[in-house]
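Q: no FASTA, just this:
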């Protein structure tokens with residue numbers, strides 16, 4: 001069995017072992033240097049089984065176009081993994097290079113539950129997992145378990161509680177869906 005091909009977008013100095021790292025900064029451990037805001041990236045369609053972008057998406061100039069590029073690069077049935085700060089976390093706003101402040105429903109345009117806005121992109125991703133990490137106090141009090149227990153409770157938290165019971169980091173795992181053209 002062949003080893004999975006993994007692309008670590010914005011790998012920085014902590015590139016995932018065994019992955020191909022891509023970054024714009026020459027002082028990183030990237031295998032490939034390119035401007036992550038210019039598309040397409042220098043890889044063929046469906047080149048990877050998995051793509052990860054850890055604390056990258058909030059820095060890019062165009063979230064929709066970046067997600068479309070991630071979709072292009074990963075084979076059908078492959079995985080896209082993202083981690084990004086929740087918009088209620090202090091770190092979302094204290095870094096001047098953050099362009100976007102996202103919540104746990106920010107990527108729904110790419111899925112079946114697109115709230116009628118699926119026409120923004122033809123790229124389709126099936127949400128496999130969303131995990132929110134909350135600030136330590138709320139985690140210790142059990143709120144993190146509740147928020148992650150179901151999408152309904154997560155929606156309730158996003159609408160009514162997140163300004164008090166603040167989020168920290170969100171992790172998303174998507175399956176790439178492609179139809180024959």
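A: Yep, it's here. For clarity, every value in this text was computed on a predicted model and none was experimentally measured. Numbering: from 1, shown residues only.

Q: and residue 133, helix, strand or coil?
A: For residue 133, the secondary-structure state derived from DSSP: H, G, I helix; E, B strand; the rest coil is strand.

Q: please work out how many residues are found near it.
A: 19 (other CB atoms under 10 Å). No exception for glycine: its C-beta is placed from N, CA and C like everyone else's.

Q: quickly list what it is bridged to.
A: Counting by DSSP bridges, residue 133 forms beta bridges with residue 169.

Q: pLDDT wise, what is residue 1 at?
A: On pLDDT, residue 1 comes in at 57.

Q: pick out the residue nearest the middle of this structure.
A: For the chain, the residue whose C-alpha lies nearest the mean C-alpha position (CA atoms, centre = their mean) is residue 82; its distance is 2.6 Å.

Q: would you double-check that it falls in a strand?
A: Yes. Assessed with three-state DSSP, residue 82 lies in a strand.

Q: so it touches residue 50, yeah?
A: No. Using CB atoms under 8 Å, residue 82 makes no contact with residue 50, being 11.8 Å away.

Q: re the thing from before, spatially nearest residue to the residue nearest to the centre of the chain (excluding sequence neighbours)?
A: Spatially, and ignoring its direct neighbours in sequence, residue 82 is nearest to residue 172 (4.5 Å; CB to CB, 6 or more residues apart in numbering).

Q: fine, thanks again, bye for now.
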